[in-house]
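Enquirer: Got a predicted structure plus its sequence, pasted below:
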There are 2 protein chains.
Amino acid sequence: MKRTLTPRGAATKRRIVEAAAELIYAKGAERVSLDEVMEATGASRSQLYHYFANKDALVREVIEIQTTRILEANSGHLEHLDSFEALRVWRDALIAANRAGGVRGCPLGSLANELAAHSEEARHQLDQSFAAWGTVIEKGLCRMRERGQIKASANPKAMSVAILAAIQGGILLSKTARDSQPLELALDMALNHLERFAA
Amino acid sequence: MKRTLTPRGAATKRRIVEAAAELIYAKGAERVSLDEVMEATGASRSQLYHYFANKDALVREVIEIQTTRILEANSGHLEHLDSFEALRVWRDALIAANRAGGVRGCPLGSLANELAAHSEEARHQLDQSFAAWGTVIEKGLCRMRERGQIKASANPKAMSVAILAAIQGGILLSKTARDSQPLELALDMALNHLERFAA
DNA sequence: CCAAAAATGGACTGTCCAGTCCATTTTTGG
DNA sequence: CCAAAAATGGACTGGACAGTCCATTTTTGG
């Protein structure tokens, strides 16, 4: 769509995506109008259509940036995972982040719930995002298994999916209750389940 | 809003709520227009505003009916819960229902995700729905504990919340992947966690 | 049987919104 | 320095949609 992008253009585009990400996180993709994005960024209508083919394309970029943010935040905790203690630190970080953000839900979970049935393309993109997140968790568990902290009989792949489900379900219940406790209980269950496989 | 409701009126109202429930389940509340509800039911615009103050009121009734349906379906399995085997039957029923419905998500979970941040009233209503669902699970666990199948040290309240989180997260991941496996893995984790407390 | 209440029909309004179009300003690169 | 490309401005369109309004038909209950 764009041949070249000058630094100025790239900055404008990024500004738009970041503002759209926050608006969409707060209200959902369907409830955010391009006028709101224009107002929040000071960009004109033409700029939106200059950098994005249409609203869906903007939403795709929002999914992209949210995925990147989440993978970065989790990789920090998981890629040197070496003990159950480190898992608990990660657990506490997830809860702290949930609280710090006002218990408003997971950007990816919210988008998945809204878009999975509406756009096959978005559904697939979000499925990839969850898969990547799951892989980060799985790699961490594999590391623990290699270090002999988890039994060889453990199934990191299956566990990573179950842990991610606990995170998503916990965040959804917490968002609905406006209370981080459900997330805490869900994570506690997930870690307790993991400890059954402690070597 | 209505003084009396004749049987005919009650039937019309019910028809509207049921059609709206299906449409909203498929597309989300924001993406369903009253014109679609009219088309699906053969009702006129006046009828909608005769039976419901506005669209939000209709959505509230949809939440109500979906809550009732879910509580009924789960109560059947949980109110005579008497063994781990019965828990597994419930697990299988949840997965079968998820598959039978086309792995489209949980009606309550989807609405909670969409509406929690948008309408304080809907958020509160859905919080109550989840609480009621959790209570059904909790009562089942209490019954097992009273029968001595679960240790007295188990915490049914906390467990019910964690199990519900696993269900919701599993359903969300399954909906996104269009594959019931994530739900299966999440439920397996939840039941395995419970079995740690087998007496 | 008949007046009041309930149920239904459907046109109309005002607003919001995604997307289009054409023009102007700014930057780039030779 | 200048032409081409990139970036920006903003009016305009067509449709969708929630909600209003007034009328007619049907049912109820005394």
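Expert: That came through, no problem.
Enquirer: from here on, contacts and neighbour counts on C-alpha atoms
Expert: Will do.
Enquirer: Which helix or strand lies directly C-terminal to the helix ranked longest in chain A?
Expert: Longest helix of chain A, by residue count under DSSP state H: helix A:120-146. The helix or strand immediately downstream of helix A:120-146 is helix A:156-177, counting by DSSP states H and E.
Enquirer: Return that next one as PDB; C-alpha atoms alone will do.
Expert: Taking Å, rounded to 0.1, in the frame of the first residue of the first chain, the C-alpha atoms of helix A:156-177 are listed here in PDB:
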ATOM      1  CA  PRO A 156       5.000 -28.700  28.700                       C
ATOM      2  CA  LYS A 157       2.900 -28.100  25.600                       C
ATOM      3  CA  ALA A 158      -0.400 -29.200  27.200                       C
ATOM      4  CA  MET A 159       0.500 -27.400  30.400                       C
ATOM      5  CA  SER A 160       1.200 -24.100  28.700                       C
ATOM      6  CA  VAL A 161      -2.200 -24.200  27.100                       C
ATOM      7  CA  ALA A 162      -3.900 -24.900  30.400                       C
ATOM      8  CA  ILE A 163      -1.900 -22.200  32.100                       C
ATOM      9  CA  LEU A 164      -2.800 -19.700  29.400                       C
ATOM     10  CA  ALA A 165      -6.500 -20.700  29.800                       C
ATOM     11  CA  ALA A 166      -6.300 -20.000  33.500                       C
ATOM     12  CA  ILE A 167      -4.800 -16.600  32.900                       C
ATOM     13  CA  GLN A 168      -7.500 -15.700  30.400                       C
ATOM     14  CA  GLY A 169     -10.400 -17.000  32.400                       C
ATOM     15  CA  GLY A 170      -9.000 -15.500  35.600                       C
ATOM     16  CA  ILE A 171      -8.600 -12.100  33.900                       C
ATOM     17  CA  LEU A 172     -12.100 -12.200  32.400                       C
ATOM     18  CA  LEU A 173     -13.700 -13.000  35.800                       C
ATOM     19  CA  SER A 174     -11.600 -10.300  37.500                       C
ATOM     20  CA  LYS A 175     -12.600  -7.800  34.900                       C
ATOM     21  CA  THR A 176     -16.200  -8.700  35.500                       C
ATOM     22  CA  ALA A 177     -15.900  -8.600  39.200                       C
END
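Enquirer: Residue B:94 versus the residue of chain A found nearest DNA strand C, what's the distance?
Expert: Using Cα to the nearest atom of the strand, the closest approach of chain A to DNA strand C is made by residue A:33 at 3.4 Å. Going from residue A:33 to residue B:94 by Cα to Cα, to the nearest Å gives 37 Å.
Enquirer: Look at the two and report which has more neighbours.
Expert: Applying other Cα atoms under 10 Å in any protein chain shown to residue A:33 and residue B:94 shows that residue B:94 carries more neighbours, namely 19 against 14.
Enquirer: Just want the angle from the strand or helix carrying the more buried one to helix B:156-177.
Expert: Using DSSP H and E, residue B:94 sits within helix B:84-100. Here helix B:84-100 runs at an angle of 30 degrees relative to helix B:156-177 (axes from the mean of the first three to the mean of the last three Cα atoms, to 10 degrees).
Enquirer: wait, residue A:165 sits on residue B:174?
Expert: No - with contact defined as Cα atoms under 8 Å, residue A:165 does not reach residue B:174; the gap is 9.4 Å.
Enquirer: Need the overlap of contacts for those two.
Expert: Residues touching both residue A:165 and residue B:174 (Cα atoms under 8 Å, 6 or more residues apart in numbering or on different chains) are B:182-183.
Enquirer: Residue A:138 and residue B:135: what is the separation?
Expert: 33 Å.
Enquirer: low pLDDT regions in chain A?
Expert: A:1-3 (pLDDT under 70).
Enquirer: Can you pull the domain assignment for it?
Expert: Per automatic domain parsing, the domain ranges recorded for chain A read A:1-53, A:60-195.
Enquirer: looking at the ones you listed, which is buried most?
Expert: Using mean count of other Cα atoms under 10 Å in any protein chain shown, the stretch among the domains of chain A with the largest mean neighbour count is domain A:60-195, at a mean of 20.
Enquirer: can that domain be found next to chain B?
Expert: Yes - shown here: domain A:60-195 in contact with chain B (Cα under 8 Å from any Cα of the partner chain) through A:104, A:109-110, A:112-114, A:116-118, A:123-124, A:126-127, A:130, A:158-159, A:161-170, A:172-173, A:175-177, A:182-183, A:185-186, A:189-190, A:192-193.
Enquirer: now that domain: how far from the chain's centre is it?
Expert: 8 Å (Cα atoms, centre = their mean, to the nearest Å).
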